[in-house]
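Q: Structure for this input, please:
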Amino acid sequence: MHLTESNMYRSKINQLSRGFSAETKELIASLSDDELHRRLDGMITPPITLAERSDPEMLQLYYTSSYVHLMEFLNVPKDAKLFEIAAGDTIFIPKALDTHGEEGAKYVTANLNQDLTEGFRDKTAELSIEIQVIEDNGARILNYCGQGSMDVIVFHHALNDIVQTMIAQREGIDTIHSDWWSVEPQMLQAVMDYHNRGELKQAVYGEFISIIETCHQLLKEEGIIIFDNCIYAGYEKIGYSSEFHSNYIQFAREWINEADLGLQEVQVPGFDEKWWMVLQKSH
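A: As a prediction, this is how the structure comes out:
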């Protein structure tokens, strides 16, 4: 977490924790800034277990505050236009933009899963920024948003979802009308099968690079793409591999570098390159 480095005072923490349970708010209030910093840093230590009742909200606070810090460090405009890939029903990024942004800020995402879209809309209803949910495949975002229209594109814990969806399509697994969490173990096992056979890159590389090329077109000059990844406990119980999952950022880094798309990596102090990657559109 990057509380002290970004001068994120309690007013921003309070804004990011709106809607949290009374128990979590009391916990946050009881901690000094240094204690809160250490507690949030500990939330992301792999594997994430979420053992305490307050842990899901504290994990959310880790990510929302980290993204606010990134937006400040990278000089993201206060009226930024941001597109998030594969948000599902997770609202970490819109909450971060809502805290960082001012009038004119806009958040856009694309989602084909109807249940996740409904949940996302409910959770973001009270945010002040403009929210647009496109019920289509994110790969077709240029049908809805013009080239050079976005300041920031975010892949929050999304690389795995993208790869899983690609493999699911190959394997005939319905990810649109199904409950995502019910079919996810099947998708994870299918991904592992492709990886263990040495066929994963061949299966997804072209489509993945096409998505990144689309993102490059969508970005304004010097626009930013942010990727993050993490590991939750319990993967091995369903035939998945934490070690494999921990390499998603490196997979993406190698594939994007190999494709030579005109994106330059930016190093951000305090953000481990194993779990984070920031790319900037170059001239």
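Q: So which residues of the stretch 51-200 of the chain form strands?
A: 81-84, 106-110, 130-134, 150-156 (DSSP state E, counting those that start in this stretch).
Q: Identify whichever of the ones you listed lies nearest to Glu57.
A: Proximity to Glu57 (Cβ to Cβ) singles out strand 150-156 among the strands of the stretch 51-200 of the chain, at 16.5 Å. C-beta here means a position set from N, CA and C on the backbone, and glycine is covered the same way.
Q: quick one: buried residues of the closest one?
A: Buried residues in strand 150-156, defined by neighbour count with 16 or more other Cβ atoms under 10 Å: Met150, Asp151, Val152, Ile153, Val154, Phe155, His156.
Q: contacting residues for the spatially most central residue of the chain?
A: By Cα atoms, centre = their mean, the chain has its centre lying nearest to His156, at 0.8 Å. Residues in contact with His156 (Cβ atoms under 8 Å, 6 or more residues apart in numbering) are Tyr63, Tyr67, Glu84, Ala87, Thr90, Phe92, Ile93, Ile226, Asp228.
Q: what sits opposite it in the beta ladder?
A: Beta-bridge pairing for His156 (DSSP bridges): Asp228.
Q: Now do the buried residues in whichever strand or helix holds Glu35.
A: Element membership of Glu35 [criterion: DSSP states H and E] is helix 33-43. Neighbour-count burial for helix 33-43 flags Leu36, His37, Arg39, Leu40, Met43 (criterion: 16+ other Cβ under 10 Å).
Q: for stretch 213-222, same thing?
A: For stretch 213-222, burial by neighbour count (16+ other Cβ under 10 Å) applies to Glu213, Thr214, Cys215, His216, Gln217, Leu218, Leu219, Lys220.
Q: list the contacts for the nearest residue to the fourth one once chain neighbours are set aside?
A: For His216, ignoring the flanking residues on the chain, the nearest one in space by Cβ to Cβ, 6 or more residues apart in numbering is Leu261 at 5.5 Å. Residues in contact with Leu261 (Cβ under 8 Å, 6+ apart) are Ile209, Ile212, Glu213, His216.
Q: just checking, the first one touches Trp255?
A: Yes - taking Cβ atoms under 8 Å as the definition, Ile209 is a contact partner of Trp255 at 6.4 Å.
Q: before we move on, back to that, make a markdown table from the buried residues of stretch 213-222 and add distance to Ala168, pLDDT and secondary structure to it.
A: Shown next, in a markdown table, are the buried residues of stretch 213-222 (distance: Cβ to Cβ, whole Å; pLDDT from 0 to 100; DSSP: H, G, I helix; E, B strand; the rest coil):
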| residue | distance to Ala168 | pLDDT | secondary structure |
| --- | --- | --- | --- |
| Glu213 | 22 | 97 | helix |
| Thr214 | 20 | 96 | helix |
| Cys215 | 21 | 96 | helix |
| His216 | 25 | 97 | helix |
| Gln217 | 26 | 97 | helix |
| Leu218 | 24 | 97 | helix |
| Leu219 | 28 | 98 | strand |
| Lys220 | 32 | 97 | strand |
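Q: ranges for the helices of the stretch 1-150 of the chain?
A: Taking DSSP state H, counting those that start in this stretch as the criterion, the stretch 1-150 of the chain carries its helices at 10-16, 22-30, 33-43, 55-73, 92-100, 114-123.
Q: Please work out which of those is packed deepest.
A: The highest average neighbour count among these, using mean count of other Cβ atoms under 10 Å, belongs to helix 92-100 at a mean of 24.
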